[in-house]
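Student: Predicted model follows, preceded by the sequence.
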Amino acid sequence: MKSQSELWAILGKSLDKGKTYIDNPQAAPKGANIQQGPRGGYYYEDVPSESEEKLNMSEFKNKLNEMDYTELKNTAKELEEYEDFGGWYSQTSHKMIELDGVVSSIFNLDLKDSRSDKKIDVSNTRKERITKLYLANQEILKRKHPSGFVTLFRGVNGKTKDKFNDFKIGDKVPLDCYNISSWSEDEVVANTFSEGHDSGVTLSVKVPIKSVLQVYDGSQFAYSREKEYILMGSEVDANIEKYYEKEKPKIPTSAEVEEFFASFGM
């Protein structure tokens, strides 16, 4: 088994590969993805051939297979950049839109179901980083859920909840989502979201683990108490687990008001 330091030496070379530094942006080939480093220097990223890309990912997956569970989680956390996922977990609106667009681009998801209304050009380095993060999370999930499937829960309210008013507990309902959405492996956590407003509903889905982009075990930014999974896919068949309706305060009748004051001799 390779040590963490040996693995990261391999990954470091992989992530640096393909950068060509230039003095002037005009020196880059036409259509090149030009980047500017933290010190102001310019470079562009060479697009690897399909065979090189497949070999790179294949070698990485082999390394993941050799790791124990702790090494796997640490590898995923090292690959996770705040630039990509920090804004998602802190619910920063524009960063959530950006991540949705980035993931839609990398995994070829339909943009009409994305929070982003335009195609986002993703650098090769970012694409490779997020793809490897996905693969690391997939290895974590294989060990957590050997069946290849996982049941997740989501609490919704407002207009989303209103779509299910005519259904009953246990019914299967179609649920439209954005290309990426937050779910929890803990139904109690999902209930806190459905019960956080005047009315809500808790839904469950059973999905193949390959649909999961990120799991909290492999995240340094996720709130572990929420046991969050980031699920890919805009359409899922969900089951209704629970309805919640906040009890409205009772308005006393005039007779009840009079009786109340009478009890104090008034």
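Tutor: Sure thing, it's come through.

Student: Check what pLDDT the most centrally placed residue in the chain gets.
Tutor: Nearest to the mean C-alpha position of the chain, by C-alpha atoms, centre = their mean, lies Ile230 at 2.8 Å. Note on Ile230: pLDDT of 97.

Student: And stretch 212-225, how far out from the chain middle?
Tutor: 8 Å (C-alpha atoms, centre = their mean, to the nearest Å).

Student: now do the same end-to-end measure for it.
Tutor: End-to-end distance of stretch 212-225: 18 Å, with C-alpha to C-alpha, to the nearest Å as the criterion.

Student: Same check on stretch 23-43?
Tutor: End to end - C-alpha to C-alpha - stretch 23-43 spans 8 Å.

Student: ok, and for it, which residues are buried?
Tutor: Neighbour counts over stretch 23-43 (16 or more other C-beta atoms under 10 Å) mark 28, 32, 34-35, 42-43 as buried. Where C-beta positions appear, they are placed from N, C-alpha and C, glycine not excepted.

Student: Same check on stretch 144-152?
Tutor: 145, 150, 152.

Student: got it, and stretch 117-129?
Tutor: 120, 122, 124-126, 128-129.

Student: again with stretch 186-195
Tutor: By 16+ other C-beta under 10 Å, the buried positions in stretch 186-195 come out as 187, 189-191, 193-195.

Student: Could you dump those residues into TSV and include distance to Tyr244 and pLDDT?
Tutor: Output for those, formatted as TSV (distance: C-beta to C-beta, whole Å; pLDDT from 0 to 100):
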residue	distance to Tyr244	pLDDT
Glu187	13	96
Val189	14	96
Ala190	11	94
Asn191	7	94
Phe193	10	90
Ser194	5	88
Glu195	5	86
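
Student: Which one of the buried residues of stretch 23-43 is nearest to Leu141?
Tutor: Nearest to Leu141 among the buried residues of stretch 23-43: Gln35, at 32.0 Å, using C-beta to C-beta.

Student: Ala262: neighbouring residues, count only.
Tutor: 9 (other C-beta atoms under 10 Å).

Student: Who are the contact partners of it?
Tutor: By C-beta atoms under 8 Å, 6 or more residues apart in numbering, no residues touch Ala262.

Student: Could you check the pLDDT of it?
Tutor: 75.

Student: related to what we said a few turns ago, can you name the residues in contact with the helix or strand encompassing the residue nearest to the centre of the chain?
Tutor: In the assignment (DSSP states H and E), Ile230 maps to strand 228-232. Outside strand 228-232, the residues that touch it by C-beta under 8 Å, 6+ apart are 88-89, 103, 107, 109, 150, 152, 177, 179-185, 205, 207, 211-216, 219, 222.

Student: Please look at Ala222 and Glu185 and confirm they touch.
Tutor: No - counting by C-beta atoms under 8 Å, Glu185 is not a contact partner of Ala222; they are 11.9 Å apart.

Student: Between those two, which has more neighbouring residues?
Tutor: Ranked by neighbour count (other C-beta under 10 Å), Ala222 and Glu185 place Ala222 first, with 22 against 19.

Student: before we move on, the earlier item: narrow the contacts of strand 228-232 to just the buried residues.
Tutor: 88-89, 103, 109, 150, 152, 177, 179-185, 205, 207, 211-216, 219, 222.

Student: Show me where the protein has its strands.
Tutor: 19-22, 34-36, 42-45, 149-157, 172-176, 180-184, 199-208, 212-215, 228-232, 235-245 (DSSP state E).

Student: can you pull the buried residues of the longest one?
Tutor: Same thing as strand 235-245. 236, 238-244.

Student: The residues you listed into a markdown table, with extra columns for pLDDT and distance to Lys161?
Tutor: Output for the buried residues of strand 235-245, formatted as a markdown table (pLDDT from 0 to 100; distance: C-beta to C-beta, whole Å):
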| residue | pLDDT | distance to Lys161 |
| --- | --- | --- |
| Val236 | 87 | 16 |
| Ala238 | 95 | 12 |
| Asn239 | 95 | 15 |
| Ile240 | 94 | 10 |
| Glu241 | 95 | 13 |
| Lys242 | 92 | 11 |
| Tyr243 | 89 | 8 |
| Tyr244 | 87 | 9 |
